[in-house]
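> please work out how this folds:
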Amino acid sequence: MTFKGSKYLSDRVVSLPPSGIRKFFDVASQMENVISLGVGEPDFVTPWHIIESSYYSMERGHTSYTSNLGLLELRQAISERIYRKYGVQYDPTREVLVTTGVSEALDLAIRALVSPGDEVIITEPCYVSYKACIHLSGGVAVIVDTFVENEFKPAPEDIAKRITRKTKAIVLSYPNNPTGAIADRATLEKIAELAKAYDLIVISDEIYDELTYDGVHTCIASLPGMKDRTVLLNGFSKAYAMTGWRIGYVAGNEDIVGAMMRIHQYTMLCAPVMAQKAAIEALVRGESEMKRMVSEYNRRRRYIVKRLNSIGLTCFEPKGAFYAFPSIRSTGLSSEEFCNRLLEEERVAVVPGNAFGAAGEGYVRCSYAASLAEIEEAINRMERFVSRHAG
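Numbering: from 1, shown residues only. All right, here's what the predicted structure looks like:
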């Protein structure tokens with residue numbers, strides 16, 4: 001009898017769809033002459049002084065476990081960074097936890113807060129992991145759509161309509177992946193009032209906070225009464241080109257951070273010490289290189305938006321992150337049809353908007369974390385594709 005391992009799998013895992021981002025990345029990686037605007041990963045190499053700091057730490061024998069919370073020196077640097085940037089003070093000994101990437105921080109936050117049947121509000125389009133983590137915890141994701149007419153900002157009145165007795169938390173991610181939208185202070189103040197009125201927690205994924213071009217990023221934890229109600233997630237992958245280092249952090253109320261740490265200590269133990277040493281270097285001496293990369297992203301942002309609009313793919317101007325989210329409705333193709341045929345016909349990989357929720361249908365995500373030369377060639381190929389399929 002042939003052994004079927006699938007019959008032993010958890011129902012929650014079986015019902016979990018594969019990532020729409022990875023699907024196109026994996027297909028594109030098997031093809032020749034493909035330009036990928038699909039994966040949200042900086043094309044920059046981690047700055048040398050950050051890499052060197054990790055080498056130096058290993059040469060000195062720093063290759064062992066750290067505290068479950070992470071190196072105190074790193075937690076202190078994180079606390080200082082948040083205070084300097086947003087005026088919110090976190091105790092590095094009790095209110096900061098270093099994680100293996102922001103993805104782990106998100107998973108820990110959901111598992112620490114959500115019991116089976118609890119509802120968590122998320123705004124879509126959004127990063128693919130939010131709904132999946134809620135599902136795996138036994139929670140229920142309650143969707144609030146955002147629209148280009150409102151610059152993909154969350155509408156507090158729509159969030160209010162979705163709040164029930166079962167609502168436990170609201171997940172926010174601004175600057176946003178995939179739209180590049182930011183949430184202005186006035187909008188966040190209204191959401192904060194909802195959180196306080198209904199006794200909710202806000203999980204705020206601010207991994208792109210340094211990548212803000214037009215407007216000002218507001219950290220929701222900095223608003224009155226929101227420090228203890230906010231689980232603040234951030235990390236080093238995007239701003240410091242450190243995706244493969246897998247280093248992130250969470251800051252928040254000590255009871256919530258403590259609960260997250262209890263899960264972390266049984267599942268991950270601690271983030272890699274050499275990555276933690278590199279993160280310290282990034283915070284202490286990495287600002288100038290980070291700003292240079294952000295300036296280059298801004299240059300690419302202006303170019304890709306202008307070109308996408310010029311070829312007939314109407315594109316909202318992203319205010320942050322490194323994604324453009326053009327409408328492809330002029331082609332008459334669905335998001336998945338557009339992406340599949342673009343990859344097949346012109347060897348350009350982008351991600352279908354519906355991978356980020358139903359509200360993303362009719363759009364595709366184009367990452368401009370690629371060289372300007374690659375972006376230019378990709379748009380030239382897309383122009384040929386659109387000219388064949390327009391209407």
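> where in the chain is pLDDT low?
Scanning the chain for pLDDT under 70 picks out 1, 20, 22-25, 391.
> the helix ranked longest in it - contacts with which helices or strands?
The single longest helix within the chain, with elements called by DSSP state H, is helix 287-310. Judged by 3 or more C-beta pairs under 8 Å, 6 or more residues apart in numbering; DSSP states H and E, helix 287-310 is in contact with strand 323-324, helix 372-389. No exception for glycine: its C-beta is placed from N, CA and C like everyone else's.
> what sits up against the shortest one?
In this case it means strand 323-324. 40, 177-180, 301, 304-305, 308, 315, 318, 365-368 (C-beta atoms under 8 Å, 6 or more residues apart in numbering).
> most neighbours among those, which one is it?
Thr179 (32 neighbours; other C-beta atoms under 10 Å).
> and that one, what does it touch?
125, 146, 152, 316, 318, 323, 325.
> give me the neighbour count for the residue nearest to it when sequence neighbours are not counted.
Once flanking residues are discounted, Thr179 sits nearest to Phe152: 4.1 Å by C-beta to C-beta, 6 or more residues apart in numbering. Residue neighbour count, defined by other C-beta under 10 Å, stands at 28 for Phe152.
> tell me which element Phe152 falls in.
Using DSSP states H and E, Phe152 falls within no helix or strand.
> quick one, what contacts it?
Contacts of Phe152 (C-beta under 8 Å, 6+ apart): 125, 146, 176, 179-181, 316, 325.
> so where do the strands sit in this structure?
35-36, 96-99, 119-124, 140-145, 167-172, 201-205, 230-235, 248-251, 323-324, 348-349, 351-352, 364-367 (DSSP state E).
> which segments of this protein make up each domain?
5-46+288-389, 48-285 (automatic domain parsing).
> what about the first one, distance to the chain center?
Using C-alpha atoms, centre = their mean, to the nearest Å, we find the averaged C-alpha position of domain 5-46+288-389 to lie 15 Å away from the chain's own average C-alpha position.
> next, the distance between the ends of that domain.
Terminal residues of domain 5-46+288-389 lie 44 Å apart, using C-alpha to C-alpha, to the nearest Å.
> distance of Glu345 relative to Tyr363?
Separation of Glu345 from Tyr363 (C-beta to C-beta, to the nearest Å) stands at 19 Å.
> counting neighbours, go ahead and name the busier of those two.
Taking neighbours as other C-beta under 10 Å, Glu345 and Tyr363 compare with Tyr363 leading, 30 against 13.
> got the contact list for the more buried one?
Counted by C-beta under 8 Å, 6+ apart, Tyr363 has contacts 125, 178, 325-328, 335, 353.
> list the contacts for the nearest residue to it once chain neighbours are set aside?
Leaving out its chain neighbours, the residue that sits closest to Tyr363 by C-beta to C-beta, 6+ apart is Gly353, at 3.3 Å. The neighbours of Gly353, taking C-beta under 8 Å, 6+ apart as the test, are 125, 178, 325, 335, 360-365.
> try 7 Å this time
125, 325, 335, 360-365 (C-beta atoms under 7 Å, 6 or more residues apart in numbering).
> of the residues you listed, just the buried ones, ChimeraX syntax please.
Only the buried entries of the contacts of Gly353 go into this ChimeraX selection, using 16 or more other C-beta atoms under 10 Å:
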select :125,325,335,360,361,362,363,364,365
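> return the member of the contacts of Gly353 nearest to Leu233.
The shortest approach to Leu233 among the contacts of Gly353 belongs to Pro125, at 18.3 Å (C-beta to C-beta).
> returning to what we had before: separation between the residue nearest to Tyr363 and Gly40?
14 Å.
> about what we covered before: just the contacts of Phe152 now: which is nearest Ser6?
Distances from Ser6 to those, taken by C-beta to C-beta, are shortest for Pro125, at 31.0 Å.
> which of the contacts of strand 323-324 sits closest to Gly138?
Once C-beta to C-beta is applied, the member of the contacts of strand 323-324 that ends up nearest Gly138 is Asn177, at 25.1 Å.
> which non-adjacent residue is nearest the closest one?
Using C-beta to C-beta, 6+ apart, the nearest residue to Asn177 is Tyr127, at 4.9 Å.
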